[in-house]
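Take this sequence and fold it.
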Amino acid sequence: MGIDPGIANTGFGVVRVAGTRMTAIDGGTVETPAALAPEQRLRRIHEAVAELIEWHGPRSLALESVYFGRNVRSAIAVGQARGVCLLAAAARGVPCFDYTPQAIKVAVCGSGGAGKDQVKHMVGVLLDLPAAPSSDHAADALAAAVCHAAHSAGDRDREAVPA
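Numbers count the residues shown, from 1 in each chain. So this is what the prediction gives:
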């Protein structure tokens, strides 16, 4: 399962791996209204991710790491969203793995500088989707899942070790 954390929109994507074939099982976005207090937004994200973990029973959770750009306030909010996602996974014994945006783009597109449209397109191609995901957040979450699947291909029969 991949997660693209964010306070307003947290993307999720579930990928099944069978041999060398990857298939998208689920994907979407958990949206929280800006009018809600931050703690209520985080509660909604936690509950939604916990429910997704219960429903899908992933073997691992791949998260996009926090990008510290110019907007520190935004980075803190993303970090808080990541935290509640990590908590949801830890409460259910699901190991978590961190990947930088560049590592995810390299795994999916072959270039760490790939744009959003290219990531969406390649996620659609790699997962044999009828169309690219409509949401950037869902596409990024599916890309994180694909990245983790590619990185852990040799570990399928062993217990996962955090990257």
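
Tell me which residues are up against stretch 106-116.
99, 101-103, 105, 118-119, 122-123, 126, 136, 139, 143, 146-147, 150-151 (C-beta atoms under 8 Å, 6 or more residues apart in numbering). The way it works is simple: take the backbone N, C-alpha and C, and place the C-beta from them, glycine included.

could you pull out the strands for the chain?
Along the chain, counting by DSSP state E, strands occupy 2-4, 9-18, 21-31, 61-64, 96-99.

any idea of the mean pLDDT for stretch 83-95?
Averaged across stretch 83-95, pLDDT comes to 97.

With just CA atoms, put it into CSV.
The C-alpha trace of stretch 83-95 is given here as CSV (Å, rounded to 0.1, in the frame of the first residue of the first chain):
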residue,chain,number,x,y,z
GLY,A,83,2.5,10.7,11.5
VAL,A,84,-1.1,9.6,11.7
CYS,A,85,-0.6,7.3,8.7
LEU,A,86,2.4,5.7,10.5
LEU,A,87,0.4,5.4,13.6
ALA,A,88,-2.4,3.6,11.8
ALA,A,89,0.1,1.1,10.3
ALA,A,90,2.0,0.6,13.5
ALA,A,91,-1.3,-0.1,15.4
ARG,A,92,-1.9,-3.0,13.0
GLY,A,93,1.7,-4.3,12.8
VAL,A,94,2.3,-3.1,9.2
PRO,A,95,5.9,-2.2,8.5
